[in-house]
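> Coordinates only, no sequence provided:
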């Protein structure tokens, strides 16, 4: 180790231009003779040269940072990242962003104003946004002038174009309900803590399937869960109170399905003999409970990869494909449904 060395100094030592040295450092070796490539690499190794990212970003007018902002309901989570869906998405986005030589900065809040003011101060090159409703999208469109890609957003009738990567939530809701109907169930409840965006689409799929099968829909078939942070006792007692009115529960997420299944078993109910339970997402929760959950599969890692790819295409002003990308879903059959 000989202390710090600059590109200029390396060029002088090798009797070549700074452009040549820079090309080798940044992987553009096709423009340099093999002999010179070897000489530059040897010098880089000898001096432990690390490229100055800040200088490079400054020259290219980029920060090298991608912002990942998530709007999480404060009454639902004390820590949004504990949700396996959020954890998998954050981990996958970070990995794909890092593979492009960028850093990810994460911001989670229940307040869209807070998200916008914080993310604006970061000088990010692009933004990935999760958990946004229509009015959040409208505000972001007005205030943020950076490239943005949304995940799982449903903005009906907005006057601006937006890019979103999601899944066919409505089809998933319809197919899991059809699966229960084909298994002989007619008294089926839908459980969610809201009726917006993703959960609304899954709920509408459930309604579609009931209508197709000629089964009546009653408003109290929708069990609106009332979360309060980390304390799930209210949700669990809500589910228990209604469990005997139905033969099957469709939960809008595996996260809720797993907690409800365990709690009902603790209270002495036999699953699936007395009540069938299905989830949505096919994340780790569905495989940890016994009986293991029948659920709707979505590929969160692939969703993250496509989101990052699209964002970088937009940043680089390249063709990014469709504005609204929908990934397929399919049912994963396990042991939580009784065939009647």
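Looks like it arrived, so ask away. Just so we're clear, the structure is a prediction, and the values are computed from it rather than from any experiment.
> When you work out contacts or count neighbours from here on, use the C-alpha atoms and nothing else.
Will do.
> all helices for the stretch 101-250 of the chain, in order.
Residue ranges of the helices in the stretch 101-250 of the chain, as given by DSSP state H, counting those that start in this stretch, are 112-120, 134-143, 169-182, 197-212, 233-242.
> Find the one among these with the highest mean neighbour count.
When you average the neighbours per residue for each of those (mean count of other CA atoms under 10 Å), helix 169-182 leads with a mean of 22.
> For it, give me every contacting residue.
Identification of contacts with helix 169-182 by CA atoms under 8 Å, 6 or more residues apart in numbering yields 198-199, 201-210, 213, 248, 250, 278, 295-296, 329-331, 337.
> how about CSV for the helices of the stretch 101-250 of the chain, with mean pLDDT added?
Output for the helices of the stretch 101-250 of the chain, formatted as CSV (pLDDT from 0 to 100):
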stretch, mean pLDDT
helix 112-120, 89
helix 134-143, 92
helix 169-182, 98
helix 197-212, 96
helix 233-242, 90
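> Turn the ones you listed into JSON lines, including distance to residue 265.
Formatted as JSON lines, the helices of the stretch 101-250 of the chain follow (distance: least, CA to CA, whole Å):
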{"stretch": "helix 112-120", "distance to residue 265": "39"}
{"stretch": "helix 134-143", "distance to residue 265": "38"}
{"stretch": "helix 169-182", "distance to residue 265": "20"}
{"stretch": "helix 197-212", "distance to residue 265": "25"}
{"stretch": "helix 233-242", "distance to residue 265": "10"}
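> Please identify which of those helices is closest to residue 153.
helix 197-212 (6.5 Å; CA to CA).
> Check the contact between residue 210 and residue 216; I expect there is one.
Yes - here residue 210 lies in contact with residue 216, judged by CA atoms under 8 Å, at a distance of 6.9 Å.
> Which stretches in the stretch 1-150 of the chain count as strands?
Taking DSSP state E, counting those that start in this stretch as the test, the strands found in the stretch 1-150 of the chain are 65-71, 103-109, 126-130, 148-151.
> I'd like those laid out as CSV, including mean neighbour count and distance to residue 140.
Output for the strands of the stretch 1-150 of the chain, formatted as CSV (neighbours: other CA atoms under 10 Å; distance: least, CA to CA, whole Å):
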stretch, mean neighbour count, distance to residue 140
strand 65-71, 23, 11
strand 103-109, 17, 14
strand 126-130, 22, 10
strand 148-151, 24, 9
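> Let's have those in a markdown table, adding mean pLDDT.
Conversion of the strands of the stretch 1-150 of the chain to a markdown table gives the following (pLDDT from 0 to 100):
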| stretch | mean pLDDT |
| --- | --- |
| strand 65-71 | 93 |
| strand 103-109 | 92 |
| strand 126-130 | 96 |
| strand 148-151 | 96 |
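> mind putting those in JSON lines, distance to residue 221 included?
Formatted as JSON lines, these follow (distance: least, CA to CA, whole Å):
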{"stretch": "strand 65-71", "distance to residue 221": "28"}
{"stretch": "strand 103-109", "distance to residue 221": "31"}
{"stretch": "strand 126-130", "distance to residue 221": "28"}
{"stretch": "strand 148-151", "distance to residue 221": "29"}
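> Indicate which one of these is closest to residue 48.
Proximity to residue 48 (CA to CA) singles out strand 103-109 among those, at 22.1 Å.
> Can you tell me what sits against that closest one?
Outside strand 103-109, the residues that touch it by CA under 8 Å, 6+ apart are 64-74, 80, 94, 97-98, 115, 119.
> if we can go back for a sec, can you tell me which of the helices of the stretch 101-250 of the chain is nearest to residue 161?
Closest approach to residue 161 among those is made by helix 134-143 (9.0 Å; CA to CA).
> got the buried residues for stretch 87-98?
Neighbour-count burial for stretch 87-98 flags 88, 89, 90, 92, 93, 94, 95, 96, 97 (criterion: 16 or more other CA atoms under 10 Å).
> Just give me the closest of those to residue 15.
Nearest to residue 15 among these, counting by CA to CA, is residue 97 at 36.7 Å.
> That closest one: what's it in contact with?
Counting by CA under 8 Å, 6+ apart, residue 97 has contacts 66, 103, 104, 308.
> Tell me where the model's unsure across the chain.
Scanning the chain for pLDDT under 70 picks out the ranges 1-3, 51-61, 74-78, 229.
> Point to the residue nearest the middle of it.
Centroid-nearest residue in the chain, with CA atoms, centre = their mean: residue 89, separated by 4.1 Å.
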